[in-house]
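Enquirer: what's the 3D shape of this:
(one chain, ligands or ions: 3)
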Amino acid sequence: MALIVQKYGGTSVGNPERIKNVAKRVAKWHAQGHKLVVVVSAMSGETNRLITLAKEVQAQPDPRELDVVISTGEQVTIGLLSMALMDLGIKARSYTGAQVRILTDSAFTKARIQRIDEESMRRDLDEGCVVVVAGFQGVDDVGNITTLGRGGSDTTGVALAAALKADECQIYTDVDGVYTTDPRIVPEARKLDTITFEEMLELASLGSKVLQIRSVEFAGKYKVRLRVLSSFQDEGEGTLITFEDDIKMEQPIISGIAASRDEAKFTVVGVPDRPGIAYQILGPVAEANIDVDMIIQNVGSDGLTDFSFTAPRGSFDRTKEILTSVCKHIGARDIRADRSMAKVSVVGVGMRSHVGIASRMFRTLAEEGINIQMISTSEIKISVAIEEKYLELAVRVLHKAFDLDVVQG
Ligand code: ADP
Ligand code: ASP
Ligand code: MG
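Expert: Residues are numbered from 1 along each chain as shown. Ligands and ions are numbered 1, 2, ... in the order given. As a prediction, the model looks like this:
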């Protein structure tokens, strides 16, 4: 008998019929004698609807109140799923984040989990009850409702699995596992039976929304056995996230391609080239809590330099505002800002032992006339910033160039 945490995403609980199907799947595991904690998202589209609603009332919603509003979607689905389970003759009890006491910091809309009280859940489990927990939400130490960032139910699932020392955390979604790239962009993408934790961490941080990045971080920190599966298929082992690099004798060089369209690029033009300038430009950006990603500083011959970086598109206006004041302060010539950028990355642990990956990537993009504007690398990934309109094309040609559509021996 195992303790299993299952998380069902928005599409999987998108209507009453689907919620009943989730209940049937949970019932099957329950009938096998397993203890089950089930985390659910809001019905698909609901969180977006709530955000739009909030913005109709207040153009820039107050973060505390926004969390009060957008956390409600999950409260609906935990109640409905518990009812569906009861209808199948199974004891079930729903919990909001605050009822479990998923304690977070007070960073509204992007809170971090600090502690989870597991006693009540354990009591229920010992009584044969299925515990149904609202994903995406927590509570801070003074009782404010918080949310964990978009896609945060994955993190609730893995964090509960870590706290309860569950045997496995199963993430049920609308695809049957982690693919070589987003199957919506490349229909020839292949499902991976396993992927290393490191690769999954890179893919998630570079835009593959199949798992929220923080859920993968949690899995790594607490060594949670994590599996991605389809909630629409009965068969299949999904994709297991592994912690050993040597799981296969012959690793493919590249395991996957990630893409993100939420990028913006900023260039401060004609910056005096002197010590401390990078800090003067990026310091105020960091203070505003804006995540800077790729950075390039060119060396000029005339004592002036251009300084470029990428940041999330959602922070475009704020970043531009900050740079305008920085520009004056440091005596730079101008600012250029482009909100329609995308980032495409190839990821694979095999890169450590193979050369020529970057050149193959750059040649492939050049052959399609795609201009690379920025590059960043780590030991197991290469990312490029390109114009957003080329995102799909870039992913497709790279997928082919690295033979990801071919079944590996
Ligand atoms: P859920 O609502 O279940 O949390 P998400 O929409 O957040 O589901 O994540 C699943 C989606 O992630 C898939 O429908 C797919 O389009 C997308 N995706 C992006 N990259 C990948 C990938 N490498 N493998 C599988 N799915 C991916
Ligand atoms: N409902 C939240 C969202 O849409 C959390 C989640 O689905 O994981 O972002
Ligand atoms: Mg998700």
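Enquirer: C-alpha only now, for contacts and for neighbours.
Expert: Fine.
Enquirer: And for the host helix or strand of residue 308, what's in contact with it?
Expert: Assigned by DSSP states H and E, residue 308 belongs to strand 304-312. Strand 304-312 has contacts (C-alpha atoms under 8 Å, 6 or more residues apart in numbering) with 262-273, 278, 290-300.
Enquirer: could you measure residue 256 against residue 99, distance?
Expert: Residue 256 sits 39 Å away from residue 99, going by C-alpha to C-alpha, to the nearest Å.
Enquirer: Which parts of the stretch 201-350 of the chain are strands?
Expert: Taking DSSP state E, counting those that start in this stretch as the criterion, the stretch 201-350 of the chain contains strands spanning 226-230, 239-242, 256-272, 295-297, 304-312, 334-347.
Enquirer: would you list every one of the helices in this protein?
Expert: Secondary structure of the chain by DSSP state H: the helices cover 16-31, 46-57, 63-70, 72-87, 97-100, 119-126, 153-163, 197-205, 213-222, 277-287, 316-330, 357-367, 391-401.
Enquirer: Deepest in the core, which of the ones you listed is it.
Expert: Using mean count of other C-alpha atoms under 10 Å, the stretch among the helices of the chain with the greatest mean number of neighbours is helix 153-163 (a mean of 27).
Enquirer: which ones are touching residue 179?
Expert: Contacts for residue 179 (C-alpha under 8 Å, 6+ apart) come out as 189-192, 256.
Enquirer: I meant to write residue 216 there.
Expert: Going by C-alpha under 8 Å, 6+ apart, residue 216 touches 155, 158, 197, 200-201, 204.
Enquirer: Looking at those, spot the one nearest ligand 2.
Expert: Ranked by distance to ligand 2 (C-alpha to the nearest ligand atom), the contacts of residue 216 are led by residue 155 at 7.9 Å.
Enquirer: surely the closest one meets residue 215?
Expert: Yes - with contacts counted by C-alpha atoms under 8 Å, residue 155 reaches residue 215, the gap being 4.0 Å.
Enquirer: between those two, what contacts are shared?
Expert: Common neighbours of residue 155 and residue 215, counting by C-alpha under 8 Å, 6+ apart, are absent.
Enquirer: Can you pull the residues of the chain lying near ligand 1?
Expert: 9-11, 151, 173-175, 177-184, 208-210 (C-alpha under 6 Å from any ligand atom).
Enquirer: Quick one: check stretch 174-193 for contact with ligand 2.
Expert: No - on the criterion C-alpha under 6 Å from any ligand atom, stretch 174-193 is out of touch with ligand 2, staying 12.1 Å away.
Enquirer: repeat for stretch 40-59
Expert: Yes - Stretch 40-59 comes into contact with ligand 2 (C-alpha under 6 Å from any ligand atom), by way of 41-42, 47.
Enquirer: what does that stretch rub up against?
Expert: Residues from elsewhere that reach stretch 40-59 (C-alpha under 8 Å, 6+ apart): 7-15, 61, 66, 69-71, 73-78, 132-136, 153.
Enquirer: re earlier: let me know the angle separating the strand holding residue 308 from helix 277-287.
Expert: With axes from the mean of the first three to the mean of the last three C-alpha atoms, to 10 degrees as the basis, strand 304-312 and helix 277-287 are set at 20 degrees to each other.
Enquirer: closest to residue 347 out of the helices of the chain?
Expert: helix 197-205 (6.4 Å; C-alpha to C-alpha).
Enquirer: State the distance from residue 159 to residue 234.
Expert: The gap separating residue 159 from residue 234 is 26 Å, by C-alpha to C-alpha.
Enquirer: what do you get for residue 252?
Expert: According to C-alpha to C-alpha, residue 252 and residue 234 sit 29 Å apart.
Enquirer: ok, those two, which is more surrounded?
Expert: In this view residue 252 and residue 234 are compared by other C-alpha atoms under 10 Å, and residue 252 has more residues nearby, 17 against 9.
Enquirer: Let me see the contact set for the residue lying closest to that one once chain neighbours are set aside.
Expert: Leaving out its chain neighbours, the residue that sits closest to residue 252 by C-alpha to C-alpha, 6 or more residues apart in numbering is residue 350, at 6.1 Å. Residues in contact with residue 350, defined by C-alpha under 8 Å, 6+ apart, are 251-254, 380.
Enquirer: which helices and strands sit right next to the helix or strand of the chain with the lowest mean pLDDT?
Expert: Least confident helix or strand of the chain, by mean pLDDT, DSSP states H and E, is strand 295-297 with a mean of 91. Contacts defined by 3 or more C-alpha pairs under 8 Å, 6 or more residues apart in numbering; DSSP states H and E place strand 295-297 against strand 304-312.
Enquirer: what stretches of this structure score poorly on pLDDT?
Expert: Applying pLDDT under 70 to the chain flags residues 245-251, 408-409.
Enquirer: Name whatever forms a beta bridge with residue 382.
Expert: Under DSSP bridges, the beta-bridge partners of residue 382 are residue 346, residue 377.
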